[in-house]
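Chemist: My questions concern the predicted model and sequence given below.
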Amino acid sequence: MSQFLDAMAFRHACKVFDTEKQIPAEEFDSLLEVARTSPSSFGMEPWRLIVVRNEKLRKALKPSCWNQSQITDCSELIVFTTDNNVVRSGTPYVRKMFERRGLSAEMVDTYMGVYKNYLADIENDELLLENWTAKQCYIAAANMMTYAATLKIDSCPIEGFDKEEVEAILDLPEGRYVALLCAFGYRVNPQSEQKRLPITQIVEYR
Ligand SMILES: Cc1cc2nc3c(=O)[nH]c(=O)nc-3n(C[C@H](O)[C@H](O)[C@H](O)COP(=O)(O)O)c2cc1C
């Protein structure tokens, strides 16, 4: 528990990354593994991660990301995207995701029905569906950032970007959307003091 809390204390939104320090490949692979093993609604794993290493591409993205230096200066930049096409009810992808649980054909059909009902008010609206999948990207991103902190790797979640511009630069096909970006690397400056509300203001017991 204390190790986890240490990681929570170490993690902060890193503003200035050391351009000289690279995350070792093995450690970065383990970060990706944390994303892969994160929980998702109905186990649909709707996240699709783009690791942007190309310098030109990073430079192209920066102006569309409020000119934040983390975009070009971090060791690894991840764009969390989602794909509305695959998660719609009734797709072969959704069926496969249920089938892999080793269920009977009848149970798979039952799950397909429950899923369809669940998404009934969501999937007819492209934006609602996008938001549903994006929410899950945040879970994977949060897990990655906390895990990174256990390895003394810094991070910064980035929502400060022009979505349409970033999607156009990445040339995402129809139905693919950017949820958020996340920069990983090593801090240059000491961490600022963590400011948080007191527990009494954010938690109530009923
Ligand atoms: C979803 C999300 C989006 C964020 N977007 C940005 C961003 O674009 N740029 C940035 O510098 N920080 C960004 N932050 C960092 C927050 O400003 C920061 O987490 C918050 O102020 C608390 O500070 P701390 O994380 O350093 O403790 C974002 C945080 C979250 C959770």
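Modeler: It's in.
Chemist: Excluding residues flanking it in the chain, which one is nearest residue 64?
Modeler: Nearest non-adjacent residue to residue 64, counting by C-beta to C-beta, 6 or more residues apart in numbering: residue 165, 3.8 Å away. All C-beta atoms are positioned from the backbone trio N, CA, C, and that covers glycine.
Chemist: Hmm, residue 66 and the one you found touching each other?
Modeler: No: contact criterion C-beta atoms under 8 Å: residue 165 and residue 66 do not qualify, at 11.0 Å.
Chemist: When those two are compared, which one has more neighbours?
Modeler: residue 165 (15 against 12; other C-beta atoms under 10 Å).
Chemist: Helix or strand: which one has the more buried one?
Modeler: helix 163-169 (DSSP states H and E).
Chemist: Could you do residue 79 as well?
Modeler: Residue-wise, residue 79 maps onto strand 76-83 under DSSP H and E.
Chemist: A strand includes residue 49, no?
Modeler: Yes: the assignment for residue 49 (DSSP: H, G, I helix; E, B strand; the rest coil) places it in a strand.
Chemist: Can you give me the distance of it to residue 166?
Modeler: Counting by C-beta to C-beta, to the nearest Å, the separation of residue 49 from residue 166 is 14 Å.
Chemist: likewise residue 154?
Modeler: Relative to residue 166, residue 154 is positioned 22 Å away (criterion: C-beta to C-beta).
Chemist: what about these two, which has more around it?
Modeler: A direct count of neighbours by other C-beta under 10 Å for residue 154 and residue 166 places residue 154 higher, at 29 against 20.
Chemist: Now for the nearest residue to the more buried one once chain neighbours are set aside: which residues touch it?
Modeler: Using C-beta to C-beta, 6+ apart and skipping residues adjacent in sequence, the residue nearest residue 154 is residue 14, 3.9 Å away. Residues in contact with residue 14 (C-beta atoms under 8 Å, 6 or more residues apart in numbering) are 70, 74, 154, 155, 156, 183, 185, 187.
Chemist: Which pLDDT value goes with residue 14?
Modeler: Per-residue pLDDT puts residue 14 at 98.
Chemist: by how many degrees do the helix of greatest length in the chain and strand 76-83 diverge?
Modeler: Longest among the helix segments of the chain by residue count, using DSSP state H, is helix 126-150. Using axes from the mean of the first three to the mean of the last three C-alpha atoms, to 10 degrees, the inter-axis angle of helix 126-150 relative to strand 76-83 is 150 degrees.
Chemist: From here on, call the first residue 54.
Modeler: Fine by me, first position is 54 from now on; the one you just mentioned is helix 179-203.
Chemist: packing partners for whichever helix or strand comes after helix 179-203?
Modeler: Going down the chain from helix 179-203, the next helix or strand is strand 207-211, by DSSP H and E. Judged by 3 or more C-beta pairs under 8 Å, 6 or more residues apart in numbering; DSSP states H and E, strand 207-211 is in contact with helix 123-126, helix 179-203, strand 229-238.
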